[in-house]
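**Student:** Here's my sequence, what's the structure:
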Amino acid sequence: MKVRLLDICHGRSGDKGDTANIGLIARKKEFYPIIEKYVTAEKVQSHFEGIALGKVERYELPNLWALNFLLHNALGGGGTKSLKNDAQGKTLAAALLKMEIEIVERIEL
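**Tutor:** All right, here's what the predicted structure looks like:
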């Protein structure tokens, strides 16, 4: 079964220098194990190919039903240096929510 992250999560994003920060929060407690299992740092790195030019790190926050991703070297030097339209990475959460994951579990949306 294919699921868009938008259907099971919401997100927030921002920056610290040249590192984008994306929080991915499950809409229901039962969705957290799904995102924990299927939304890996490698998949996020692939999803942001050409944007995340450095390492992608993932942190788990099970008490918040959330994952936090740091995308290093993703903002063209950061807000004060970059010529990118979104030098603070504010739209990256919306971009991640468009990602689809293939899951084996049956879930009720």
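
**Student:** Tell me the strands beside the helix or strand of the chain with the lowest mean pLDDT, with direction?
**Tutor:** When each helix and strand of the chain is scored by mean pLDDT, DSSP states H and E, strand 9-16 comes last, with a mean of 89. Applying DSSP bridges to the sheet, strand 9-16 is found paired with strand 19-26 (antiparallel).

**Student:** Keeping just the C-alphas, turn the partner strand into PDB.
**Tutor:** Taking C-alpha atoms only, strand 19-26 is exported to PDB below (Å, rounded to 0.1, in the frame of the first residue of the first chain):
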ATOM      1  CA  THR A  19      21.400  23.100   8.000                       C
ATOM      2  CA  ALA A  20      17.600  22.600   7.400                       C
ATOM      3  CA  ASN A  21      15.600  21.100  10.200                       C
ATOM      4  CA  ILE A  22      12.400  19.200   9.400                       C
ATOM      5  CA  GLY A  23      10.000  17.800  12.000                       C
ATOM      6  CA  LEU A  24       7.700  15.100  10.900                       C
ATOM      7  CA  ILE A  25       4.800  14.500  13.300                       C
ATOM      8  CA  ALA A  26       2.400  11.500  13.100                       C
END
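
**Student:** Now do the same for that strand: mean pLDDT, whole number.
**Tutor:** Mean pLDDT, strand 19-26: 95.

**Student:** 211 is where my numbering starts, stick with that
**Tutor:** With 211 as the first residue, the last one maps to strand 229-236.

**Student:** Give me the contact list for the helix or strand that comes right after that strand.
**Tutor:** Following strand 229-236 in sequence order, the next helix or strand is helix 242-248 (DSSP states H and E). Residues outside helix 242-248 that contact it (CB atoms under 8 Å, 6 or more residues apart in numbering) are 213, 215, 218-219, 234, 236, 270, 272, 275-277, 311-313, 315, 317. For the C-beta atoms, the positions are set from N, CA and C on the backbone; glycine is no exception.

**Student:** can you check stretch 252-271 too?
**Tutor:** 229-230, 232, 246, 249-251, 277-284, 302, 305-306, 309, 311.

**Student:** Just give me how far that stretch sits from the chain centre.
**Tutor:** Averaging C-alpha positions (CA atoms, centre = their mean, to the nearest Å) puts stretch 252-271 8 Å from its chain's average.
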